[in-house]
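Peer 1: Provided below for reference: sequence and predicted model.
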Number of protein chains: 2
Amino acid sequence: MKRPKHNPTMADVARLAGTSTMTVSRALKGSDAVTMETRSRVMRAVDELGYILDLSAPALSSRRTGVVPVLIPSLNNSNFSEIVQGIFEVFHGEAEPQQILLGCTGYSRHQEETLVQTLLQRRPEGMIVTGGLHTPRARQLLLRAEIPVLELWELPENPIDHAIGFSGSTVIQDMVARLRSRGYRNIAYIGGHSTDDTRKNERLAGYQQAVESLGLERAHVISMGHPPITVNHGCQAVVRLLEEWPAVEAVVCVSDLPAFGAIMECHRRGWKVPERLAVAGFGDFEIARSCWPAITTASINGAEIGHRAARLMVEAIAARASGAPLERRTITIPHAIIERESTRR
Amino acid sequence: MKRPKHNPTMADVARLAGTSTMTVSRALKGSDAVTMETRSRVMRAVDELGYILDLSAPALSSRRTGVVPVLIPSLNNSNFSEIVQGIFEVFHGEAEPQQILLGCTGYSRHQEETLVQTLLQRRPEGMIVTGGLHTPRARQLLLRAEIPVLELWELPENPIDHAIGFSGSTVIQDMVARLRSRGYRNIAYIGGHSTDDTRKNERLAGYQQAVESLGLERAHVISMGHPPITVNHGCQAVVRLLEEWPAVEAVVCVSDLPAFGAIMECHRRGWKVPERLAVAGFGDFEIARSCWPAITTASINGAEIGHRAARLMVEAIAARASGAPLERRTITIPHAIIERESTRR
DNA sequence: CTGTTAGCGCGTTCAA
DNA sequence: TTGAACGCGCTAACAG
């Protein structure tokens, strides 16, 4: 039994209102080409039957689904949940609202590819993805779909279509430079790396470049494997770091989570932060503000990224529908280095 | 121009493969009623054309959309984002995966009603909502839709269909009792109240009940208006509290956010926590762990709620499709009172 | 194992 | 201002 229930259709409404389905359709859309009287008859029938428009049908015939998948690594990361929230707010306020089909990739490109393929079956109006790292097949699928594609968060080197975000490399370079300007010289990096990552790791690269351009004596990286790099990784990493490089003065972490973990481990071992080791994070999570000492971090405004992305997507969808697709656009969202106690001498 | 592009259809594939569309359909579904040889011919054609199944059509004809809206107050609350993440994980692992249509109500019942109405137009297989507080019209819409409905988070008095979560009243009562057992006698409450709330506020009620059943001398509530009650509300509330009731010894907050705010304000004013005032929260947000002093809180496992909800939804959808709808079910997820420094004498 | 037919519910198109 | 006919892409049901 595949059709559990027969909902009232437009024909039912038409019958009850004594009109044709066409008139019902027009009345529901608020077209002015319907008499007040006819309209109210229709509305009464709609109420009586509890009729609800079925969007599957127009989706099929007009190829407009009003659906946009949003693919993020995980919702358990306030940066990404903020972005999605921001997208929702804009989509929902539009005259032609787009619905979000949510997808979480678990930081896996392969998962992302699967999701892209699955969600393309719903004939989305566009697609929003995060990360900028995709399998070749995922890229190809997105390209061939000929829908607007937005890549959010870290700006890719070679965007598929539009991109909104920041350069992880630039942000980390700023952070290292800031630490240098505060007098730190021996600056390490705690992060991760994707094993399936053909493209370079932006933030790590930024660190290495900064060490070079600032003329620091030594670069030292503690790599904790595949993302997500979280609190515990930070705890472990900081211990390794101080073993491997006792002269280290400061460490930049790939995110606030390992930074927090590192600080907690320092507390545990009686290493003073920032006196023994200064610690900086990335993302300006709530934890960075509330932690003691509060964590110096790079702040990226997720809500802002979400809002701008959604607005661009709406525009791109409209442009495509009108036959004049938007030219590719790349938007850089400004970041801020927020200095707090964890790096204050 | 409503149809920006003509994607290849199953008929195109059939033509290229030299079969009928039916055979293509069967081959794609992995039905065994197709020769290996035919199947591979079909697959080759699919690849060659870059064919992607269009789910709009089966949605229309078979009334199975594979879509489940998830309505939450906000993603900027780790409890809810955890729940959604949990739901996604289960949905995505299923043999017949359900897609999540995301909706954020902004803690407004009216917004929720709008979303329910809009999303019902997509003929969802079920609906997941949070809160248990709905407008009468929203309730009616959900009831009439005759799809499985899950209410998550706080258990409603009178569930629409299935419910998974906890009793806010019970949790708060436990918290107050715990504080009492630690020697606190003058225990206040900081929270909010919906103005459009006909039903009683669960957590507030729990507080009042606890005061009564424990035989405490006085109940004192600081109400900060419409949710969400956040960090700043806590800052303001604690000041008012100590003015209005100088003898207060402990305060239970509606969430960890105002609890955190209260503690910060205490720092600012030189009031020691927990010596001058013990503070307890709700939700076990990351901030509660990382704050100093760490916050005593009630922990609800959002991921667990999400997982169980999704599993129940999958089951309910299958049951409905097979003509034997599930009986209503209410599942209570255990909570835990986590005592930390903010209430330790 | 494969093909044919019909129809899902709506909006577009054209006619009245 | 209203209505009739058609088709969107797919699959259920049935036939071969």
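Peer 2: It's in.
Peer 1: residues touching residue A:116, list them.
Peer 2: A:69, A:71, A:127, A:129, A:134, A:138, A:141, A:142 (C-beta atoms under 8 Å, 6 or more residues apart in numbering or on different chains). For every residue, glycine as well, the C-beta is placed using N, CA and C.
Peer 1: you'd agree the first one is in a strand?
Peer 2: So the one you mean is residue A:69. Yes - counting by DSSP: H, G, I helix; E, B strand; the rest coil, residue A:69 is part of a strand.
Peer 1: per-residue confidence at it?
Peer 2: Residue A:69 carries a pLDDT value of 98.
Peer 1: To what extent is it buried, counted in neighbours?
Peer 2: Counted by other C-beta atoms under 10 Å in any protein chain shown, the residues lying close to residue A:69 total 22.
Peer 1: go on, the fifth one?
Peer 2: The tally of other residues near residue A:134 (other C-beta under 10 Å) stands at 23.
Peer 1: In the contacts of residue A:116, find the pair that's most separated.
Peer 2: Within the contacts of residue A:116, A:69 and A:134 form the most distant pair, 13.7 Å apart (C-beta to C-beta).
Peer 1: Just grab the bridge partners of residue A:337 for me.
Peer 2: In this entry, residue A:337 is beta-bridged to residue A:298, by DSSP bridges.
Peer 1: shouldn't it be in contact with residue A:284?
Peer 2: No - in this structure, residue A:337 is not within contact of residue A:284 by C-beta atoms under 8 Å, at 9.9 Å.
Peer 1: Look up the closest residue to residue A:229, ignoring the ones flanking it.
Peer 2: residue A:192 (4.3 Å; C-beta to C-beta, 6 or more residues apart in numbering or on different chains).
Peer 1: so who does that neighbour touch?
Peer 2: Per C-beta under 8 Å, 6+ apart, neighbours of residue A:192: A:201, A:223, A:224, A:225, A:226, A:227, A:228, A:229, A:233, A:254.
Peer 1: where do the helices sit along the stretch 51-200 of chain A?
Peer 2: A:56-62, A:78-93, A:109-120, A:136-145, A:168-181 (DSSP state H, counting those that start in this stretch).
Peer 1: could you dump these to JSON lines with mean pLDDT and distance to DNA strand D?
Peer 2: As requested, the helices of the stretch 51-200 of chain A are arranged in JSON lines below (pLDDT from 0 to 100; distance: least, C-beta to the nearest atom of the strand, whole Å):
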{"stretch": "helix A:56-62", "mean pLDDT": "87", "distance to DNA strand D": "3"}
{"stretch": "helix A:78-93", "mean pLDDT": "96", "distance to DNA strand D": "25"}
{"stretch": "helix A:109-120", "mean pLDDT": "95", "distance to DNA strand D": "12"}
{"stretch": "helix A:136-145", "mean pLDDT": "94", "distance to DNA strand D": "14"}
{"stretch": "helix A:168-181", "mean pLDDT": "97", "distance to DNA strand D": "39"}
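Peer 1: of all the residues in the stretch 201-345 of chain A, which ones are close to DNA strand C?
Peer 2: Within the stretch 201-345 of chain A, no position is near DNA strand C by C-beta under 7 Å from any atom of the strand.
Peer 1: show me where pLDDT drops low in the stretch 201-345 of chain A?
Peer 2: Flagging of the stretch 201-345 of chain A using pLDDT under 70 yields an empty set of residue ranges.
Peer 1: can you give me the helices for it?
Peer 2: A:202-213, A:231-244, A:256-269, A:286-290, A:302-321.
Peer 1: helices and strands around the second one, which ones?
Peer 2: It refers to helix A:231-244. On a contact count with 3 or more C-beta pairs under 8 Å, 6 or more residues apart in numbering or on different chains; DSSP states H and E, helix A:231-244 meets strand A:187-191, strand A:220-223, strand A:250-253, helix A:256-269.
Peer 1: which other residues reach the longest one?
Peer 2: Translated: helix A:256-269. By C-beta under 8 Å, 6+ apart, helix A:256-269 touches A:190-191, A:224, A:228-239, A:251, A:253, A:272-273, A:276-277, A:279-285, A:287-288, A:291, A:293, A:295, A:297, A:342, B:290.
Peer 1: could I get that helix in PDB with only the CA atoms?
Peer 2: Extracted in PDB, the C-alpha atoms of helix A:256-269 (Å, rounded to 0.1, in the frame of the first residue of the first chain):
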ATOM      1  CA  ASP A 256      39.500  27.100  19.500                       C
ATOM      2  CA  LEU A 257      38.700  23.500  20.500                       C
ATOM      3  CA  PRO A 258      42.200  22.200  20.600                       C
ATOM      4  CA  ALA A 259      43.400  25.600  21.900                       C
ATOM      5  CA  PHE A 260      41.000  25.100  24.800                       C
ATOM      6  CA  GLY A 261      42.300  21.500  25.300                       C
ATOM      7  CA  ALA A 262      45.800  22.700  25.300                       C
ATOM      8  CA  ILE A 263      45.100  25.300  27.900                       C
ATOM      9  CA  MET A 264      43.400  22.800  30.100                       C
ATOM     10  CA  GLU A 265      46.300  20.400  29.900                       C
ATOM     11  CA  CYS A 266      48.600  23.300  30.800                       C
ATOM     12  CA  HIS A 267      46.500  23.900  33.900                       C
ATOM     13  CA  ARG A 268      46.700  20.300  34.800                       C
ATOM     14  CA  ARG A 269      50.500  20.200  34.400                       C
END
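Peer 1: And it, what's buried?
Peer 2: Within helix A:256-269, the residues that qualify as buried by neighbour count (16 or more other C-beta atoms under 10 Å in any protein chain shown) are A:256, A:257, A:258, A:259, A:260, A:261, A:262, A:263, A:264, A:265, A:266.
Peer 1: Point out the residues in chain A that sit beside DNA strand D.
Peer 2: Within chain A, the positions near DNA strand D by C-beta under 7 Å from any atom of the strand are A:2, A:18-23, A:26, A:32-35, A:37-38, A:57, A:60-61.
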